[in-house]
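K.L.:
take a look and give me a structure for this.
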Amino acid sequence: MNLGGWGEYLLAFAAFLGSHAIPSRPGLKAWLMAHLGRKGYVTVFSLLSTALLFWLIFAAGRAPYVELWGWAHWQIWLVNLTMPVVVVLSVFGIGTPNPLSFGGRSNGFDPEHPGIAGVVRHPLLWALLLWSLAHLIANGDLAHALLFGGFAAFSVMGMKLIDRRHTRVWGAEEFMKMTARTSTLPFAAWISGRWHPQQGPSIFRLLISVAVWLALLLLHPSVIGVSPLP
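P.N.:
Numbering: from 1, shown residues only. Alright, predicted model coming up:
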């Protein structure tokens with residue numbers, strides 16, 4: 001396969017999607033965790049995912065440019081206003097008690113006080129969805145439309161597949177009990193009265209969110225090659 005142009009882009013896309021099939025394969029995941037340990041598995045998978053993501057993004061930039069829609073200045077503002085929400089959802093979704101979705105941990109979860117899952121059941125997938133949609137609108141060429149559109153579709157499908165798998169494994173009654181005070185749509189459980197926050201957000205995680213957001217803002221020009229500032 002010719003790795004220039006579309007060849008490299010398609011290969012990077014296939015590698016990225018293939019790597020993310022690992023968590024959905026219980027047998028393969030169990031084998032890797034048995035040989036690497038839980039921390040080793042998480043570390044290796046995270047590094048591999050990050051490396052493949054950067055390769056995919058760079059490959060999209062090197063792919064032949066085919067314009068689908070034009071650029072407007074408001075698109076930059078859309079991305080800049082969306083990214084703080086994306087970062088907060090990511091920071092509060094990683095490693096918190098939430099066995100209902102990707103990125104959370106099982107121990108310490110209380111269905112009556114679900115924490116971030118009360119805001120939205122799948123915080124990391126919603127972060128990916130918002131990031132994808134904002135960048136999709138801001139990048140009107142074919143390669144980036146496929147990239148960010150694919151991520152957006154992956155996010156939506158991921159939420160449905162995770163809920164379906166939990167329903168099958170736990171049973172419908174247990175799934176309803178575990179998710180009673182959560183919702184697929186952000187704040188829907190709060191608006192409907194099924195969930196009320198018992199305390200404010202973690203100050204520590206808020207500070208991490210600010211630090212991550214600033215790092216992304218400052219490093220974007222040197223790493224991605226485009227300034228995100230209006």
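
K.L.:
next, the buried residues of stretch 189-208.
P.N.:
189-190, 195, 205, 208 (16 or more other Cβ atoms under 10 Å). The C-beta positions use only the backbone N, C-alpha and C, and glycine is treated the same way.

K.L.:
quickly name whichever of those residues is closest to residue 138.
P.N.:
Nearest to residue 138 among the buried residues of stretch 189-208: residue 208, at 25.5 Å, using Cβ to Cβ.

K.L.:
sorry, back to before: just the ones of the buried residues of stretch 189-208 in helices?
P.N.:
Residues of those located in helices (DSSP state H): 189-190, 205, 208.

K.L.:
okay, helices next: where are they in the chain?
P.N.:
Ranges of helices in the chain, per DSSP H, are 6-19, 26-62, 74-93, 116-119, 123-138, 142-170, 172-179, 188-191, 203-223.

K.L.:
check what pLDDT residue 23 gets.
P.N.:
Residue 23 is assigned a predicted lDDT (pLDDT) of 67.

K.L.:
ok, residue 26 next?
P.N.:
Looking at residue 26, its pLDDT stands at 68.

K.L.:
kindly report the same for residue 1.
P.N.:
Model confidence at residue 1, given as pLDDT, is 49.

K.L.:
if I look at the nearest residue to residue 186 once chain neighbours are set aside, how far off is residue 16?
P.N.:
Of all residues not flanking residue 186 in the chain, residue 120 sits nearest, at 4.3 Å (Cβ to Cβ, 6 or more residues apart in numbering). Between residue 120 and residue 16 the distance is 24 Å, computed by Cβ to Cβ, to the nearest Å.
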